[in-house]
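> following is a predicted model, sequence given first.
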Amino acid sequence: MLLLQDNVRNQLIQFELLLTTATFVVAIFGVVSGVFGMNFEGVAVLKVPHAFEWTLIITGVCGAVIFACLLWYFKKRRFFPL
C-alpha cells in the first residue's frame, strides 16, 4: 500500500512540474500582451501594422521552443518518463 501511495505521489509531482512549465510559457504571452495593451506614445513598434500579430506569432514559437527544451531537459534528468 505504501509503495502505491509513493507511486501516485510521484506521478502527481511530475504532473505538477509539467503544469508549472506550461504556466511559465503562457505567462510570457501575458507579459507581451500587457506591454502592447499599455498606451505608450513614443514606441515606434506599436505603430507598425500587424506588429501585435507578428509579436504573438514570434512569442508563440519561442514559447513552444522553450517548452520543448524544458521537456527534453526533464526527460534527460529523468524527472518524468515521456
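Arrived safely.
> pLDDT weak spots in the chain?
Per-residue confidence of the chain (counting by pLDDT under 70) places the weak regions at 1-2, 42, 79-82.
> which secondary structure element contains the one residue sitting closest to the centre of it?
Residue closest to the average C-alpha location in the chain (CA atoms, centre = their mean): Val25, at 1.2 Å. Val25 is part of helix 2-37 when elements are defined by DSSP states H and E.
> packing partners of that helix?
Using 3 or more CB pairs under 8 Å, 6 or more residues apart in numbering; DSSP states H and E as the contact criterion, the elements in contact with helix 2-37 are helix 51-76. (Glycine included, C-beta is placed from N, CA and C.)
> the helix it packs on vs helix 2-37, what angle?
Between the axes of helix 51-76 and helix 2-37, defined by axes from the mean of the first three to the mean of the last three CA atoms, to 10 degrees, the angle is 160 degrees.
> can you pull the buried residues of helix 51-76?
Residues of helix 51-76 classed as buried: 55, 59, 63, 67, 70-71, 74 (neighbour count, 16 or more other CB atoms under 10 Å).
> just to revisit the earlier point, tell me which residues of the helix holding Val25 come out buried.
By neighbour count, and taking 16+ other CB under 10 Å as the criterion, the buried residues in helix 2-37 are 18, 21, 25, 32.
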